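Turn this into a structure:
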Amino acid sequence: MKWSDEDIKLVEKFIEIRNHGYYCDGAQLTNVYNRVLEKSVPTTNCGSCLRARVTELENALNKFKRSLEVVSNPADGLKENKVDNVPSSENNELTEPKKKVGRPKKK
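The predicted structure is shown next:
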């Protein structure tokens, strides 16, 4: 993926247009789509295709922004995920499956 400042602004504009329920210019969207995602798809004016392309660009942009955050804060990505309301001894132990509680089955 190749992102420039102009591409990021255009994709954010496309996302805003889509969220308002409108459709953007198919040729402009396809140019950004092909350039950023390094694909070669033809221009279309199909509404669902345009929305799908905007969604795909949005997902790619979010992924790109997350990768920038990880690069800028590498120590934050290495934290362990533990549950706070469980004692530390229970956090790492395997537990037996719970028995079903409730009304007995009809016979």
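
All the helices of this protein, residue numbers only.
Along the chain, the segments classed as helices by DSSP state H run 5-19, 26-37, 47-72, 88-91.

most neighbours per residue, which of these?
Highest mean neighbour count of the helices of the chain: helix 26-37, a mean of 17 (counted as mean count of other Cβ atoms under 10 Å). Heads up, the C-betas are built off the backbone N, CA and C, glycines and all.

Tell me how far it lies from the chain's centre.
Distance of helix 26-37 from its chain centroid, counting by Cα atoms, centre = their mean, to the nearest Å, is 19 Å.

Show residues contacting that helix.
The contact list for helix 26-37 (Cβ atoms under 8 Å, 6 or more residues apart in numbering) reads 1-3, 7, 10-11, 14, 39-45, 50, 53-54, 56-57, 60.

what about 10 Å?
Outside helix 26-37, the residues that touch it by Cβ atoms under 10 Å, 6 or more residues apart in numbering are 1-4, 6-8, 10-11, 13-14, 17-18, 23-25, 39-47, 49-50, 53-54, 56-57, 60-61, 64.

Equivalent analysis for stretch 58-66, please.
Taking Cβ under 10 Å, 6+ apart as the rule, stretch 58-66 contacts 1, 3, 7-8, 11-12, 14-15, 18-19, 33, 36-37, 77.
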